[in-house]
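**Q** Predicted model and sequence follow; I will ask about them next.
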Amino acid sequence: MRERMPAGDEVHVAVAITGASGAMYARRLLEILSKSNARTHLIISAAGEKILKLELGAEPESLISDRVTRHHYKNFAARIASGSFPLSAMVIVPCSMGTLGAIAQGISMNLIHRCADVCIKEGRTLIMVPRETPLNSIHLENMLRLSRSGVTILPAMPGFYGKPQSISDLVDFVVARILDQLGISQGLMEPWKGMPDTE
Ligand SMILES: Cc1cc2nc3c(=O)[nH]c(=O)nc-3n(C[C@H](O)[C@H](O)[C@H](O)COP(=O)(O)O)c2cc1C
């Protein structure tokens, strides 16, 4: 059983944005993390940057703040690339099938893959938020392989039972699930209160 992030003291969290659809999830997660005890290390793949611009009309710089540091995805020498760096957790959101496949096969071609590889080898929390449909058997086998290595596969699949009124509500549904997995308290979604017994 992997430990959740410690509460209270400052913790380091890596967030990677890759070239899957869903940059809104990443932007919202960064916004919430920057109000928490997390110091965030942001890595954006080349495809991730393109899709960020396409979907949000945003430049990567708009995601940076005094609590969010950016590392270039090609910088293997970044301090977060080493197992000696006290990273508590990593979230890859949105996660492309390309990045998911590389990590599942242990291929470290960029800083995102490397950080994820380190999380797995050090037994740290790694959350991947894939977005693709339909999924082929290679995608599914890669996800199973990662899950068996302790990775949390948290698909970008918002629920509708809370009666979402906007795209923001749908985004918050997924981001709330990520924060729950990180052990960071969130007021984005009320816990499900159940339905009255019908029998
Ligand atoms: C507009 C657009 C949307 C895309 N959406 C997805 C997606 O939702 N899921 C996915 O796995 N790949 C998607 N792709 C393909 C990836 O961006 C592509 O495979 C890329 O090489 C991934 O690189 P990365 O994993 O290094 O970010 C999309 C590409 C484009 C141009």
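**A** Received, thanks. Just so you know, these numbers come straight off a predicted model, no measurement behind them. Numbering: from 1, shown residues only.

**Q** only C-alpha atoms for contact and neighbour calcs from this point on.
**A** Will do.

**Q** And the helices in this structure?
**A** Along the chain, counting by DSSP state H, helices occupy 23-33, 46-56, 97-104, 111-122, 137-148, 167-182.

**Q** Please work out which of those is packed deepest.
**A** Looking across those with neighbours counted as mean count of other Cα atoms under 10 Å, the highest average goes to helix 111-122: a mean of 22.

**Q** Using CSV, list the CA coordinates for the longest strand seen in the chain.
**A** For the chain, the strand with the greatest residue count under DSSP state E is strand 87-95. In CSV, the C-alpha atoms belonging to strand 87-95 read as follows (Å, rounded to 0.1, in the frame of the first residue of the first chain):
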residue,chain,number,x,y,z
LEU,A,87,9.0,14.1,-4.7
SER,A,88,5.8,12.9,-2.9
ALA,A,89,3.7,12.3,-5.9
MET,A,90,3.3,12.8,-9.7
VAL,A,91,0.1,13.3,-11.7
ILE,A,92,0.1,13.0,-15.5
VAL,A,93,-3.0,14.9,-16.6
PRO,A,94,-4.2,14.6,-19.3
CYS,A,95,-2.1,11.5,-20.2
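
**Q** Can you name the residues that contact P94?
**A** P94 makes contact with 16-23, 25-26, 128-131, 156, according to Cα atoms under 8 Å, 6 or more residues apart in numbering.

**Q** any idea how far the ligand is from I92?
**A** Distance, I92 to the ligand, by Cα to the nearest ligand atom, to the nearest Å: 10 Å.
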